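# Got a sequence here, can you model it:
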Amino acid sequence: MKICPRCKIRPRKLTTSYCKECWAEYALERYRENPMYLSAERKEYRKNNKPLLRKIKEKWRLKHKKDILEKQRIYGKKYRELNKDKIKAHYILNNAIKRGEIKRNPCEVCGNTKVQAHHDDYNKPFDVHWVCTIHHWTLYHP
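Numbering: from 1, shown residues only. Alright, predicted model coming up:
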């Protein structure tokens, strides 16, 4: 077992030349010296190692799949409890579209045919503005 060259006490990590505690100190010192360099360095690394990072992320997701699904389930349950009127309006409108009672119109701003329904009032599920994704976003973020 190799010893950390910085503290000369604890065994070093397999992936670095320092132990866990010394590595944390070293990284913090390095960041304090030049935070912009490190962010640029990380950005460059991510850009050059996309396939490797994708594999690492996928491996992590598989390892933590149960935790992720549980968090998603809890979030979804909380969202449904807080937005019952919104979900009901979407459900009613989508069913009417499927039955052919309502047809999608082009975007009211640009005329794009790939549109979303925007509700001003969720208690009126059929009173919608048909807008594309970009203009729908701008309604919420003027």
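
# which of the residues in the helix or strand bottoming out on mean pLDDT in the chain are buried?
Every helix and strand of the chain was ranked by mean pLDDT, DSSP states H and E. The lowest is helix 35-48, at a mean of 82. For helix 35-48, a neighbour-count test (16 or more other C-beta atoms under 10 Å) marks nothing as buried. Backbone N, C-alpha and C define where each C-beta goes, glycine included.

# Report the secondary structure element holding the nearest residue to Lys86 once chain neighbours are set aside.
Sequence neighbours aside, Tyr122 is the residue nearest to Lys86 in space, at 5.2 Å (criterion: C-beta to C-beta, 6 or more residues apart in numbering). Assigned by DSSP states H and E, Tyr122 belongs to no helix or strand.

# mind checking which helix or strand Ser17 is in?
Under DSSP H and E, no helix or strand contains Ser17.

# Revised request: answer the last question for Cys110.
Short version, using DSSP H and E: Cys110 is in no helix or strand.

# For the nearest residue to it once chain neighbours are set aside, give me its contacts.
Taking C-beta to C-beta, 6+ apart, and ignoring the residues beside it in sequence, Cys110 has Cys132 as its nearest neighbour in space, at 6.2 Å. For Cys132, the contact set (C-beta atoms under 8 Å, 6 or more residues apart in numbering) comprises Cys107, Val109, Cys110, Asn112, Lys114, Val115, Gln116.
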